[in-house]
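Chemist: Let's see this in three dimensions:
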Amino acid sequence: MRPRHLRRRGALAVAATTLAVLCAGQSLGAPQAAAAPATAVPAPASPASEVHAAEDLAARAIAGALSDPVWNTRVRRAALASDEVAVTALADGTLRSTLAAADRRIAAAKGLDAGVGPLLRLRLGDPSMRGALTAGTPPWVAAATSDDGPVTAYDSEGRIHTLDAREAPAHPVYVVDLDGSRALAAGLDVLNEELARRGVRSTAPTARRTPLRDASATAAAAGFWTTRVAAVSLSDDQEPWIKGDAEIYTLVTGFGHDGKVRVDPVDMPYLDSDGVVYRPQQILVNWSSYKYDLADAVMMEDDGGTNYRDLAKAIAAVLLTVTDQGAYIPLVNAVLDAVPDDWWTDDPDYVDSWYTLARTDNGTRHGARGNGWMTLEPYFVQEL
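Modeler: Predicted coordinates for the structure are as follows:
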């Protein structure tokens, strides 16, 4: 669900376009010719729909190939031996070409460089299915959905089976998904590059050697202060069985030393599951990059359909209009408002946000949305 404070835009634009079309079809004082039937121009596919279409195509191709006993056995052994199978490399012949084409389509939809490598992965939908698969029950194949609707699975004969997204079936199901860690890491690289190219990120942060007031012992030491995540946990949102682990990242925002807004994406690859307390000791904010001792954090989840170049473009378009007024301005709302309206279905998910994180924060901070908490601590990084 889209956060309530985010307003939907475009009504005026639609009205203006409609008026222009009506006026264009008429000329004052001229005879009216019969209007040609209007041809609907289909809207461009969203990144999420493009990714899911490619995954669905791969799922149908894999299911059809399961009629080959050799391929069937190869996939079953791999799925039982590993949590994730690099299915494109496992295939050969026509199937491999089909999956490679799907990989390229997915990379393009996500705005990733062609050299990112194969992204498609195959996994068993739920551990409870291992017994039936081991016993030889013919598996079905489904694409990981990007919403909570019914799941479409295919068998080797091309038949369709509709499954409940909330309750794992007893029948074994292979799920075609993405290598989320690889896709997110590559996506954040793209996000960094695009933001820098558009002038959002500071190009060369200057190390700040000013110590915290209660840490005078480090006054003479060269280095910089950071905020470190000692512990973090997200609430249980009952993700469907068809979805894999969460792919979480956080956009840290503030004002750089040049007075311009900057965004620093932080990958959190360990945050796989809700309801688990993780203790990563990960640096979240490098205060040497910021003008003020305050910053904001917006935590997001990539469910597969994020186009990182489009995300960078949207964020930059809004944040470049925010100017330094000589005092810190919270930026969470600006970041969330920058995300296009049609992205707030499932991809990317808004997880939570933290307003005005301070360099002196030392303790647990709950997110504004109430969906997560982080225990933060100051951490001085000393130069060698």
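
Chemist: where's Val252, which helix or strand?
Modeler: strand 248-255 (DSSP states H and E).

Chemist: what are the pairing partners of that strand, and which direction each?
Modeler: Sheet pairing here is set by DSSP bridges, and for strand 248-255 it gives strand 261-268 (antiparallel), strand 294-301 (antiparallel).

Chemist: now those strands in CSV, with mean pLDDT, distance to Asn362 and mean neighbour count?
Modeler: For every residue, glycine as well, the C-beta is placed using N, CA and C. What follows is those, written out as CSV (pLDDT from 0 to 100; distance: least, Cβ to Cβ, whole Å; neighbours: other Cβ atoms under 10 Å):
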stretch, mean pLDDT, distance to Asn362, mean neighbour count
strand 261-268, 92, 19, 22
strand 294-301, 93, 15, 25
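
Chemist: Switch these over to a markdown table; also include distance to Ala48.
Modeler: Below are the strands paired with strand 248-255 laid out as a markdown table (distance: least, Cβ to Cβ, whole Å):
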| stretch | distance to Ala48 |
| --- | --- |
| strand 261-268 | 19 |
| strand 294-301 | 13 |
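
Chemist: looking at these, which is closest to Arg159?
Modeler: Arg159 sits nearest to strand 294-301 of all the strands paired with strand 248-255, at 32.9 Å, using Cβ to Cβ.

Chemist: Please write out the alpha-carbon positions of that closest one in CSV.
Modeler: Provided in CSV are the C-alpha atoms of strand 294-301 (Å, rounded to 0.1, in the frame of the first residue of the first chain):
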residue,chain,number,x,y,z
LEU,A,294,21.7,15.1,11.2
ALA,A,295,20.5,12.8,8.4
ASP,A,296,17.4,10.8,7.4
ALA,A,297,17.1,7.2,6.4
VAL,A,298,14.5,5.5,4.2
MET,A,299,14.5,1.7,4.2
MET,A,300,13.2,0.0,1.0
GLU,A,301,12.7,-3.5,-0.2
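
Chemist: Which is the succeeding secondary structure element to the helix or strand harbouring Ala101?
Modeler: Element membership for Ala101 (DSSP H and E) is helix 93-109. Sequence order places strand 120-124 as the next helix or strand after helix 93-109, per DSSP H and E.

Chemist: That next one packs against which elements?
Modeler: helix 47-65, helix 69-81, helix 87-90, helix 93-109, strand 173-178 (3 or more Cβ pairs under 8 Å, 6 or more residues apart in numbering; DSSP states H and E).

Chemist: can you tell me which of the ones you listed comes nearest to Val335?
Modeler: Across those, closest to Val335 is helix 47-65 (Cβ to Cβ), at 18.5 Å.

Chemist: before we move on, the earlier item: closest one to Val285 among the strands paired with strand 248-255?
Modeler: strand 294-301 (5.3 Å).

Chemist: List the contacts of that closest one.
Modeler: 246-254, 268, 284-285, 287, 328, 330-332, 335-336, 348-359, 367, 372 (Cβ atoms under 8 Å, 6 or more residues apart in numbering).

Chemist: can you rerun that using 7 Å?
Modeler: Applying Cβ atoms under 7 Å, 6 or more residues apart in numbering, the contact partners of strand 294-301 are 246-254, 284-285, 328, 330-332, 335-336, 348-358, 372.

Chemist: Write the PyMOL selection for whichever of these are buried.
Modeler: Filtering these down to the buried ones (16 or more other Cβ atoms under 10 Å) takes a single PyMOL command:
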select buried, resi 246+247+248+249+250+251+252+253+254+284+285+328+331+332+335+336+348+349+350+351+352+353+354+355+356+357+358+372
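
Chemist: Mark which of the contacts of strand 294-301 are part of strands, please.
Modeler: Judged by DSSP state E, the subset of those located in strands is 248-254, 284-285, 349-358, 372.

Chemist: Spatially central residue for this structure, please.
Modeler: Centroid-nearest residue in the chain: Asp302, 1.9 Å away (criterion: Cα atoms, centre = their mean).

Chemist: and the closest residue to that one other than its chain neighbours, what does it touch?
Modeler: Closest residue to Asp302 apart from its sequence neighbours, by Cβ to Cβ, 6 or more residues apart in numbering: Glu247 at 4.6 Å. Glu247 makes contact with 180-181, 184, 301-302, according to Cβ under 7 Å, 6+ apart.

Chemist: where does the stretch 201-350 of the chain dip in pLDDT?
Modeler: The model of the stretch 201-350 of the chain has pLDDT under 70 over residues 202-221, 236-239, 303, 340-348.

Chemist: the helices in it, which residues?
Modeler: Counting by DSSP state H, counting those that start in this stretch, the stretch 201-350 of the chain has helices at residues 308-319, 332-338.

Chemist: domain ranges for the chain?
Modeler: Domains of the chain are assigned by automatic domain parsing as 47-178, 181-382.

Chemist: can you tell me how far the nearest residue to Arg279 once chain neighbours are set aside sits from Asn192?
Modeler: Nearest residue to Arg279, sequence neighbours excluded (Cβ to Cβ, 6+ apart): Ala231, at 5.0 Å. Remark: distance between Ala231 and Asn192 (Cβ to Cβ, to the nearest Å) = 26 Å.

Chemist: Thr360 now?
Modeler: Remark: distance between Thr360 and Asn192 (Cβ to Cβ) = 27 Å.

Chemist: more crowded one of those two?
Modeler: In terms of neighbours (other Cβ atoms under 10 Å), Asn192 is the more surrounded of Thr360 and Asn192; the figures are 17 against 14.

Chemist: Give me the distance between the more buried one and Asp258.
Modeler: From Asn192 to Asp258 the distance is 17 Å (Cβ to Cβ).

Chemist: Could you do Tyr379 as well?
Modeler: Plainly put, Tyr379 is 25 Å away from Asp258 if you go by Cβ to Cβ.

Chemist: what does Ala81 give?
Modeler: Going from Ala81 to Asp258 by Cβ to Cβ gives 52 Å.
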